[in-house]
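Engineer: My questions are about this predicted structure, shown below with the sequence.
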Amino acid sequence: MSLLYLHYEADERAGRVQKLAKSGAHIIVSEPRWPAFWEIAKREKPIAVAVDFSHAPSHALETADYIAKAKETRDSALYLLRVPEDRLDVVRKRLPQAAIVTEPELAERLAAIEREAQARALEKKEAAAVARRTALAARQAARKAAAGPAKPGKPTRAAKPAKTAKKAKPAAKKAAGARKKSAPLAKKGGKKAKRSRIAKKK
């Protein structure tokens, strides 16, 4: 987060800026002079504006009043530092939304705002991660739905051994037929041998 700190240039300004910077906020320093502070406010869009009344309190009040009413900065938190005692009533009446604080109080508030900003950033990051995972799951489901149900696979090659068994049967039949054909030949040869033996005896 950033804080626009409006303080006239003086010896004590640098030390005060360093104290506020310890809160973790980004401090943008300028003087409460028109139009310099306004151009910075429009460009930087700070989350908070602090106006120091230690120098020229009347001019500081006019600057704070303008910041509180302008469209570009009216939503920014407004803090007032070192408001003189004799001007407290006037300041509270013109700027009821502004907080009159000391430097330690302002630093503490800035630190709280910084923690809240970091927490919101972490929540946004986690929400974005969840959204990405949800979108990825939705795309995957859509692709599966578009592909349709799974098609039945082709028959496996386990049936092939049965075919080879069928081929083996004809081969066995051929072998059996060859044995049957050779058997009669052997019988015929036997009869011829017997006849020749009978003729010799005669």
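Structural biologist: Cool, got the structure.

Engineer: Not counting sequence-adjacent ones, nearest residue to residue 74?
Structural biologist: Distance criterion C-beta to C-beta, 6 or more residues apart in numbering; nearest residue to residue 74, sequence neighbours excluded, is residue 68 at 6.1 Å. Just so you know, the C-beta spots here come from the backbone N, C-alpha and C atoms, and that holds for glycine as well.

Engineer: all helices of the protein, in order?
Structural biologist: In the chain, helices defined by DSSP state H lie at 13-21, 36-44, 57-69, 88-94, 103-147, 160-201, listed in chain order.

Engineer: In this structure the residue nearest to residue 74 contacts residue 95, no?
Structural biologist: Yes - taking C-beta atoms under 8 Å as the contact criterion, residue 68 and residue 95 are neighbours in contact, 5.6 Å apart.

Engineer: which residues are in contact with both of the two?
Structural biologist: With contacts defined as C-beta atoms under 8 Å, 6 or more residues apart in numbering, the residues shared by residue 68 and residue 95 are residue 78.

Engineer: Show me the shaky parts of the protein.
Structural biologist: Counting by pLDDT under 70, the chain has low-confidence residues at 117, 149-202.

Engineer: which residues touch the residue nearest in space to the middle of it?
Structural biologist: Note on the chain: the residue nearest the mean C-alpha position is residue 129, at 3.1 Å, using C-alpha atoms, centre = their mean. Residue 129 is in contact with no residue at all, counting by C-beta under 8 Å, 6+ apart.
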